[in-house]
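In: only the shape, not the letters, is given here:
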């Protein structure tokens with residue numbers, strides 16, 4: 001068995017330590033008794049928890065923050081965008097460095113790896129597999145892109161050969177993972193700031209599943225028109241998850257998309273020899289993950305508050321369709337924070353159609369994340385698109401300049417039994433938390 005670079009390192013420094021993926025590996029290294037240090041541009045609940053577990057942490061990302069005895073640096077790929085000189089300094093200091101995806105490669109190469117890919121549904125599906133395998137006593141190691149509610153962590157330290165990991169397609173980072181079982185939940189037109197077009201995205205997924213060995217498995221919805229071309233000439237065994245669809249499953253998270261996610265999980269359970277009835281019971285007990293249609297509470301007025309990470313039109317539409325199915329005729333108000341200028345601009349018509357199941361859409365300023373300001377797209381333009389589609393008289397969409405304005409509007413207008421869903425990949429969830437206080 002090839003020795004992992006992580007095994008041979010005693011002092012590991014993490015840049016971007018507050019990231020959901022990077023922090024999971026930091027937790028893993030702490031659990032293995034390594035000395036862990038790290039930095040990020042701000043403190044967060046994630047960095048506070050790591051400090052409680054024994055990591056040292058500093059705000060910032062200067063090379064001066066890296067301790068002198070560091071054997072290995074693991075960094076978020078975003079560092080290259082924000083501070084390209086940092087990598088040159090690491091080379092000068094002769095400190096070995098890995099990106100987060102490269103670190104996943106080091107972990108996955110010596111494990112029986114189950115990697116969950118797809119444009120939407122990765123986190124929920126990864127967490128569902130973890131639940132089923134934990135309940136079956138298979139003791140997996142798990143890295144997931146959110147917090148598992150029961151474990152209150154994005155990492156589970158297992159002692160078996162199994163490793164379950166969320167495999168992200170952004171910048172083809174999932175090509176670092178070497179899976180025995182690869183899942184594709186779906187393929188959609190996302191990350192078009194990196195990919196040229198849909199064919200480019202499909203080619204990346206094909207590269208990913210080509211890495212699965214002949215005695216491995218690719219689990220997916222084989223008849224999906226976006227996925228079918230990717231499956232041609234694949235040497236691994238292809239498993240059609242549609243054969244595992246069970247409409248009678250009583251999942252806690254509503255929506256047909258979660259039944260689809262569950263079918264992928266039941267297929268994996270079958271491959272691993274887990275009893276189907278037990279797997280279904282685990283899925284019905286699955287509590288969900290942080291920011292995936294997560295129930296946050298009920299206000300003093302009686303408004304029900306949920307939060308969801310959905311930031312792509314397909315995700316938004318699926319979540320709201322499930323919410324409408326779940327809540328029936330109750331008034332659904334969405335506080336939505338668009339994520340990235342490029343995504344909002346490219347998919348603005350799809351976004352306009354995605355809110356069909358909402359009664360009101362309150363749109364916050366665009367969350368820029370890694371991008372520079374683009375004056376050709378805005379929350380106001382998106383609101384106008386939605387209203388053009390559904391009719392101005394309904395005032396279905398309203399744009400706001402700040403979270404404070406949205407909160408003021410909500411406090412005046414939300415009533416008993418109304419449903420508020422905060423939605424987006426940024427910090428929009430804070431609005432729900434404030435409304436509940």
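Out: Received the coordinates, thanks. Bear in mind that the values here come from a model prediction, so they are computed numbers and not experimental data. Numbers count the residues shown, from 1 in each chain.
In: is it true that residue 72 touches residue 98?
Out: Yes. Contact criterion C-beta atoms under 8 Å: residue 72 and residue 98 qualify, at 6.8 Å. The C-beta positions use only the backbone N, C-alpha and C, and glycine is treated the same way.
In: helices of the stretch 51-200 of the chain, residue ranges please.
Out: Here the stretch 51-200 of the chain has its helices, by DSSP state H, counting those that start in this stretch, at 78-82, 85-92, 100-108, 122-135, 198-210.
In: can you name every helix or strand that the second one contacts?
Out: When you say that, I think you mean helix 85-92. helix 78-82 (3 or more C-beta pairs under 8 Å, 6 or more residues apart in numbering; DSSP states H and E).
In: follow-up on the earlier one: what is in contact with residue 72 and residue 98 at once?
Out: Jointly contacting residue 72 and residue 98 under the rule C-beta atoms under 8 Å, 6 or more residues apart in numbering are residue 5.
In: sorry, back to before: of the helices of the stretch 51-200 of the chain, flag the one that's most buried.
Out: The highest average neighbour count among those, using mean count of other C-beta atoms under 10 Å, belongs to helix 122-135 at a mean of 26.
In: which other helices and strands contact that helix?
Out: On the basis of 3+ C-beta pairs under 8 Å, 6+ apart, helix 122-135 makes packing contacts with strand 112-117, strand 141-148, strand 162-166, helix 256-271, helix 276-285.
In: repeat that with 10 Å
Out: strand 112-117, strand 141-148, strand 153-156, strand 162-166, strand 181-184, helix 256-271, helix 276-285 (3 or more C-beta pairs under 10 Å, 6 or more residues apart in numbering; DSSP states H and E).
In: just for the stretch 151-300 of the chain, where's the confidence low?
Out: Within the stretch 151-300 of the chain, the segments meeting pLDDT under 70 span 151-152, 191-192.
In: who's in contact with residue 264?
Out: Residues near residue 264 by C-beta atoms under 10 Å, 6 or more residues apart in numbering: 116, 118, 121, 125, 128-129, 183-185, 219-221, 239, 241-242, 244-245.
In: worst average pLDDT in the helices of the stretch 51-200 of the chain?
Out: In terms of average pLDDT, helix 78-82 trails the rest of the helices of the stretch 51-200 of the chain, at a mean of 68.
In: rewinding a little: columns distance to residue 336 on top of the helices of the stretch 51-200 of the chain, output as TSV?
Out: TSV is the format used below for the helices of the stretch 51-200 of the chain (distance: least, C-beta to C-beta, whole Å):
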stretch	distance to residue 336
helix 78-82	24
helix 85-92	34
helix 100-108	28
helix 122-135	19
helix 198-210	24
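In: tell me which of these lies nearest to residue 31.
Out: helix 100-108 (12.4 Å; C-beta to C-beta).
In: for residue 211, the count of nearby residues, please.
Out: For residue 211, the number of neighbouring residues by other C-beta atoms under 10 Å comes to 16.
In: that one is in contact with residue 204, isn't it?
Out: No. Under the criterion of C-beta atoms under 10 Å, residue 211 makes no contact with residue 204, lying 11.8 Å away.
In: what touches both of those two?
Out: 174-175.
In: and residue 45, what does it touch?
Out: Residues near residue 45 by C-beta under 10 Å, 6+ apart: 18, 147.
In: now do it against residue 91, distance only.
Out: Distance from residue 45 to residue 91, counting by C-beta to C-beta, to the nearest Å: 33 Å.
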